[in-house]
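Undergrad: Quick one, what's the 3D model for this:
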Amino acid sequence: MVALGAMAHRTLHPSKIADLQIAELRSRLPRLARMVFGEDTPPAEALLAQEVAGGRAASTGAPKHGLVLKVIDGDTLTLSCAGRKRTCRLLGIDAPENSYSGLFSDLESISKYVVKPKERRDLAVIANRLGVSARRAMEKARAATAELCKLVDGKRVRLEYDTQSPAKDEHGRLLAYVSLVETGLDVNAEMVRRGFAVADKRFKCSRLAEYGGLARQAQLDKAGIWRK
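TA: Take a look at the predicted model:
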């Protein structure tokens, strides 16, 4: 969370500061809710501005093949591409995060500005419920990571880019469709089909509708992380 500036602290009543920080925290919760409850979230338009800043994926220089060195989580890999280590984000899908600790530090920050006892109790209830949901999401993250390991760890993969998406995200990670060289399996689609990821609308790509349909079917089938 971006801290409120010093001027805001001087001019706003503590309760107003708390209201602002609670509103900001809530804006960060939909992604967690989507992973825990299967709810959908709108695309982050700000991230799509990278199409201009980072260039389209069709630009030269993006690697087309790699060897999987490590599975970081359910949608991110470390690859060896022509002797260079690269991080690759599976384009169009999103798996649960390994940690949501930042949300709890935000709640702690908010609590400093809450004066009324009832508001403090309400905040404690939110923290407790959020803690339960975060723990569930992190359990799902471990399952998604293990599933992606079974699919790709130590294998050679092909990287395909989408002209609707930047080749890299703001962290410098490659954004690509990953398929197995040996079998041609679309790893991105398979993770969603098996119920370990959902369609990710933060980046435009031509396969979003396909991945969205696979995600809905996986939820209906109670596959992967959607099992009770």
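Undergrad: dump the residue contacts of residue 179.
TA: Residues counted as contacts of residue 179 (C-beta atoms under 8 Å, 6 or more residues apart in numbering) are 157-158, 160, 185-187. (Glycine included, C-beta is placed from N, CA and C.)
Undergrad: Tell me which stretches of this structure form helices.
TA: With DSSP state H as the criterion, the chain has helices at 6-11, 14-28, 30-37, 45-48, 50-53, 101-111, 117-152, 187-193, 208-220.
Undergrad: Setting the sequence-adjacent residues aside, check what's closest to the residue nearest to the spatial centre of the chain.
TA: Closest residue to the average C-alpha location of the chain: residue 94 at 4.9 Å, with C-alpha atoms, centre = their mean. Once flanking residues are discounted, residue 94 sits nearest to residue 200: 3.7 Å by C-beta to C-beta, 6 or more residues apart in numbering.
Undergrad: Starting from residue 78, give me the distance back to the one you found.
TA: According to C-beta to C-beta, to the nearest Å, residue 200 stands 19 Å off from residue 78.
Undergrad: which stretches of this protein have low pLDDT?
TA: For the chain, the stretches with pLDDT under 70 are 1-60, 100-105, 228.
Undergrad: What's opposite residue 179 in the beta bridge?
TA: Beta bridges link residue 179 to residue 158, residue 186, judged by DSSP bridges.
Undergrad: Enumerate the positions of stretch 87-98 that are buried.
TA: Across stretch 87-98, burial judged by 16 or more other C-beta atoms under 10 Å covers 87-98.
Undergrad: quick one: which of those is nearest residue 151?
TA: Nearest to residue 151, judged by C-beta to C-beta, of the buried residues of stretch 87-98 is residue 90 at 10.7 Å.
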